[in-house]
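# Here's a sequence, model it:
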Amino acid sequence: MRFRVVALHPTTVCNYNCWFCYKKKMQDKEIEPSEKWFKLPKYLSKITNQVAVGGGEIFLFPDWIERFGKECKKHSLIFNITTNGKCDYENMGDEVFENIKMISISWDRAKIKSVKDAERVFELAKFFHSKGVLVGVNLLVDEKLFEKKFRFLRLVGLLFKKGFDRVYTLYPKLFKGPDLTKVNIAAEYFLATKIYKHFYIDDLTLMILKFGFDNWKEPCHYGKDICSINENFEVSGCSFEKECVLKIEKPEDVLKLEKIKFEKRHVCPYLVR
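Residues are numbered from 1 along each chain as shown. Below you'll find the predicted structure:
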């Protein structure tokens, strides 16, 4: 397979207004998911075994999820979704969740402002589990998580204690994140990795921990093991990138990705220092 995962962004419609959202900064209008997406899994299955659908908020379109999930199942594609945790999931039918492998709930300072917000996420995890779906947390880190010793590590432990199957930490782009070159911060990541089997870090975090914030000795995963398809069916090497390498006019155009060479990046242009 060419890619470990292909990130899909079928819509820019969202019911939340996160100040740091890259989609909000990249788009000036809302686009709903189209019928064209249902023809892509047949060809996506030739270049990857996993698709991850993300923002806007796809759970605003449960009928789309149901239909797209059926196409993924037909073509043996793992179907994962990231959601903001702010939709009316409990009133959706079982068929919406039937072909989803994992739902990851975003956890960040815009959405988790109180104990009540956290408890809502914990209850959602139980609900998604009741539908037979694995549940993860996409934890967007910020500097406040490391202001007190082991605050970050304690949060990770709490999430696993509450029954989450995976905690996936994301380093921020477009706003300043913690200094991972500091020994005490790097140590918390190391401890979390050692203690929790299903604690994961994103590629950007890995590159910073290994090489610092720029001049990486190895290229990041941009276009290497991941690519992204946006709401206009434009393909790029990551979800933040505006410049596309391919416009999918017809479904079989997906197969052209087998031969496209992506730029090798030794620094992330979306880091803020």
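
# Do a quick rundown of the helices in this protein.
22-26, 41-44, 62-74, 94-97, 115-130, 151-161, 183-195, 203-211 (DSSP state H).

# would CSV of those helices with distance to residue 10 and mean neighbour count be doable?
C-betas here are computed from N, CA, C, even on glycine. Formatted as CSV, those follow (distance: least, CB to CB, whole Å; neighbours: other CB atoms under 10 Å):
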stretch, distance to residue 10, mean neighbour count
helix 22-26, 12, 16
helix 41-44, 12, 20
helix 62-74, 7, 19
helix 94-97, 15, 16
helix 115-130, 20, 15
helix 151-161, 28, 17
helix 183-195, 32, 14
helix 203-211, 23, 18
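
# tell me the pLDDT at residue 182?
Here, the pLDDT recorded for residue 182 equals 95.

# Residue 20 now?
So residue 20 comes in at 82 (pLDDT).

# can I assume it is in contact with residue 176?
No - assessed by CB atoms under 8 Å, residue 20 is found out of contact with residue 176, at 10.6 Å.

# can you tell me which of the helices of the chain comes nearest to residue 35?
helix 62-74 (9.0 Å; CB to CB).

# Need the residues that contact that closest one.
10, 33, 37-38, 40-42, 51, 53, 58-59, 77-79, 81, 92-93, 95-96, 98-100 (CB atoms under 8 Å, 6 or more residues apart in numbering).

# Tell me which stretches of the protein form strands.
5-8, 50-53, 78-83, 102-107, 134-140, 166-170, 199-201, 226-229, 234-236, 246-247 (DSSP state E).

# about what we covered before: next, format the helices of the chain as JSON lines and append distance to residue 245.
Output for the helices of the chain, formatted as JSON lines (distance: least, CB to CB, whole Å):
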{"stretch": "helix 22-26", "distance to residue 245": "16"}
{"stretch": "helix 41-44", "distance to residue 245": "16"}
{"stretch": "helix 62-74", "distance to residue 245": "23"}
{"stretch": "helix 94-97", "distance to residue 245": "33"}
{"stretch": "helix 115-130", "distance to residue 245": "34"}
{"stretch": "helix 151-161", "distance to residue 245": "35"}
{"stretch": "helix 183-195", "distance to residue 245": "32"}
{"stretch": "helix 203-211", "distance to residue 245": "18"}
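
# per-residue confidence at the residue nearest to residue 31 when sequence neighbours are not counted?
Spatially, and ignoring its direct neighbours in sequence, residue 31 is nearest to residue 231 (4.4 Å; CB to CB, 6 or more residues apart in numbering). What the model reports as pLDDT for residue 231 is 94.

# go on, residue 28?
pLDDT, read off for residue 28, is 64.

# Next, count neighbours for the residue nearest to residue 31.
22 (other CB atoms under 10 Å).

# just to revisit the earlier point, let me have the strands of the chain in CSV, adding distance to residue 188 and mean neighbour count as columns.
Converted to CSV, these look like this (distance: least, CB to CB, whole Å; neighbours: other CB under 10 Å):
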stretch, distance to residue 188, mean neighbour count
strand 5-8, 26, 22
strand 50-53, 26, 22
strand 78-83, 24, 21
strand 102-107, 16, 24
strand 134-140, 12, 22
strand 166-170, 10, 20
strand 199-201, 11, 20
strand 226-229, 26, 24
strand 234-236, 32, 20
strand 246-247, 39, 13
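
# how about those in CSV, adding distance to residue 123?
Formatted as CSV, the strands of the chain follow (distance: least, CB to CB, whole Å):
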stretch, distance to residue 123
strand 5-8, 27
strand 50-53, 23
strand 78-83, 14
strand 102-107, 11
strand 134-140, 11
strand 166-170, 18
strand 199-201, 22
strand 226-229, 31
strand 234-236, 36
strand 246-247, 41
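
# Stretch 172-184: end-to-end distance?
Start to finish, the residues bounding stretch 172-184 are 19 Å apart (CA to CA, to the nearest Å).

# Could I get the buried residue list for it?
172, 173, 177, 178, 180 (16 or more other CB atoms under 10 Å).

# got it, and stretch 259-273?
262, 265, 268, 271.

# I'd like a version of those in TSV, one that adds distance to residue 249 as further columns.
Listed next are the buried residues of stretch 259-273 as TSV, based on distance: CB to CB, whole Å:
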residue	distance to residue 249
262	20
265	27
268	30
271	33
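
# No further questions, thank you.
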